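Chemist: here you go, sequence then predicted model.
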Amino acid sequence: MPLPFCPCPRRTALLIALCALPAMGFAQKAPEAWPTKPLKIMVGFPGGSSPDLVARALAEPLSHALGQPVVVENRPGAAGNIAADLVARATDNHTIGVMINGNLTIARLLNPKTPYDPATDLAPISLIGTAPLVLAAPASAPGATAHEFLQAARKAGNQWSYGTPGVGTVGHIGMELLKTRTGIDPVHVPYPGNPQVITAMIGGQIQLSLLPPGLAAAQVRAGKLKAIGVTSTGRSVLVPDLPSLAEAGVPGFQLEIWNAAAAPASMPKPIVARLSAAISEIVRSPEMRQKLFQQGWQVAGTSAEGLANRIKADTATLGGVIVSRGIKAE
């Protein structure tokens, strides 16, 4: 027997609301007016650090583009992962982060206790800038060419050592990758930061290191270090006078450091798309291009998809080294 029809308005409204719930759950809409308050850029490193300088250079033009103030907030610690976790947890749709490679790729692989998962808790916005590293050695290092230096390094085996600013850094993982590609076998010595690495190399305590191009080039020009090669597939516009490792007999070797903008995965896609378009356009402007170049970065300014592809590729490359070499940053 059919149920009697009830014309009760309340019941009718309730049924309509209940039927709409599944659609509401799956739909992801941006607020009609966005942004409605200042945008916050989280940075996981202290003021004056490279990610901080990039974020602050971005803040003013992004503020003009969005019509709201853009505030940079520094939350240093855990190699940037503290700030990345705060971004991942943000639910206000007005918080993003400027992050480095590790925060968006290998954080969980290095330390399973990392509270966020880069693959599921963060949404790519745009790759901002990239830079190769420079394989550097003391000025007195053997070999007149990069090929001869690598021959000497292979002969030295584990009697040589290399320095990095810490376990799990790109310099550490990159050097372990280089070891597998060249047959050299120097021992890892971690330091608090690159300044200490440079001091140790100049003093002869270590024999090689992968350094950011700005730091390496200054020491090479001063005659204190020797540049063996850069980790790009060809010569870099940042240090065009330095040979690539491909020229040194390591074909196809590529390793870069980079910074990027990312949002919480919960941020509505239309907002992420608007941020991606705005940031990529700003980054590619002549003014920003010059600022980033002076800070030691090659401009990228990709789409969100472009950053997602880079994250996937670097996670596979660096993650493979982490697993095969048993690298852990607890």
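Modeler: Nice, I can see it. Residues are numbered from 1 along each chain as shown.

Chemist: hmm, who's touching whichever strand or helix holds Arg181?
Modeler: Using DSSP states H and E, the element containing Arg181 is helix 170-182. Helix 170-182 is contacted by residues 101-102, 106, 133, 135, 150, 153-154, 162, 164-166, 184-186, 188, 190, 208-211, 231, 245, 250, 253, 255, 257, 317-318, 321-322, 324-325, 327 when judged by CB atoms under 8 Å, 6 or more residues apart in numbering. Just so you know, the C-beta spots here come from the backbone N, C-alpha and C atoms, and that holds for glycine as well.

Chemist: the longest helix in the chain is where?
Modeler: As assigned by DSSP state H, the longest helix anywhere in the chain is helix 304-325.

Chemist: show the subsequent helix or strand relative to the lowest-mean-pLDDT helix or strand in the chain.
Modeler: Every helix and strand in the chain was compared by mean pLDDT, DSSP states H and E; the lowest is helix 9-26, with a mean of 40. With elements assigned by DSSP H and E, the helix or strand that comes after helix 9-26 is strand 39-43.

Chemist: give me the distance from the next helix or strand after that next one to the chain's centre.
Modeler: Next helix or strand after strand 39-43 toward the C-terminus (DSSP H and E): helix 50-66. When C-alpha coordinates are averaged (CA atoms, centre = their mean, to the nearest Å), helix 50-66 and its chain have centres 16 Å apart.

Chemist: in terms of secondary structure, what does helix 50-66 contact?
Modeler: For helix 50-66, the elements it packs on are strand 39-43, strand 70-74, strand 95-100, strand 122-132, strand 256-264, helix 269-283, helix 286-294, judged by 3 or more CB pairs under 8 Å, 6 or more residues apart in numbering; DSSP states H and E.

Chemist: now the ones you listed as JSON lines including mean pLDDT?
Modeler: Shown next, in JSON lines, are the helices and strands packed on helix 50-66 (pLDDT from 0 to 100):
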{"stretch": "strand 39-43", "mean pLDDT": "98"}
{"stretch": "strand 70-74", "mean pLDDT": "97"}
{"stretch": "strand 95-100", "mean pLDDT": "97"}
{"stretch": "strand 122-132", "mean pLDDT": "97"}
{"stretch": "strand 256-264", "mean pLDDT": "96"}
{"stretch": "helix 269-283", "mean pLDDT": "98"}
{"stretch": "helix 286-294", "mean pLDDT": "94"}
